[in-house]
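S.K.: Would you be able to build a 3D model of this:
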Amino acid sequence: MNELEALALALEVEKAELNFYLGLARKTTDEKARRMFLFLAKEESGHWDEFERAFLERVVEECQLPAVSQELLKRLLVKANGIDSEVDAVKIGMEQEKLTWEFYEDAAREAEHDSVKRLFEDLARVEKAHYELLKAQYDSVMKTGIWMDYQDFSLEVD
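M.R.: Numbering: from 1, shown residues only. A predicted model of the protein is given here:
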């Protein structure tokens with residue numbers, strides 16, 4: 001996949017993630033979860049803007065508009081059917097963020113332009129941070145690990 005195709009695919013992934021998080025925010029009854037999903041939706045919107053800018057620069061430079069591989073897009077988007085609970089939603093979000101950050105890391109390695117390489121690297125780090133946020137929410141809901149000031153277990157020896 002060339003750089004322009006990777007940028008086009010990234011735009012589609014960001015759009016799908018934005019819609020996913022907005023949908024979850026509308027459905028959830030938990031206020032903390034709703035705010036988290038809205039935060040993630042806003043983040044994905046910002047990513048869309050950054051990719052769109054880089055994409056348009058490459059389109060003008062190369063005078064071509066690439067097609068997005070629907071097969072690749074399907075592999076990069078987690079199926080979100082049957083979300084019955086916040087736990088399901090968070091687990092799907094974690095899986096999606098992991099797929100996205102790994103794709104962006106791969107795209108950065110293959111990028112032709114330094115600016116596009118940095119964009120993919122930067123957003124890979126952000127997507128990984130989104131994964132960590134969702135993981136913390138999962139741990140909170142499941143009451144495992146450490147969540148803010150609350151610790152479910154002690155590592156100290158008596």
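
S.K.: Can you tell me the element the residue nearest to the spatial centre of the chain falls in?
M.R.: The structure's the chain has its C-alpha centroid closest to Glu97; by Cα atoms, centre = their mean the separation is 3.7 Å. Element membership for Glu97, per DSSP states H and E: helix 86-110.

S.K.: hang on, isn't the residue nearest to the centre of the chain packed against Glu127?
M.R.: Yes: distance between Glu97 and Glu127: 5.2 Å, which falls inside the contact criterion (Cβ atoms under 8 Å). Where C-beta positions appear, they are placed from N, C-alpha and C, glycine not excepted.

S.K.: Please report how far Ala10 lies from Lys32.
M.R.: With distances defined as Cβ to Cβ, to the nearest Å, the gap from Ala10 to Lys32 amounts to 29 Å.

S.K.: Then Glu62?
M.R.: Separation of Glu62 from Lys32 (Cβ to Cβ): 45 Å.

S.K.: now Glu105
M.R.: With distances taken as Cβ to Cβ, Glu105 is found 30 Å from Lys32.
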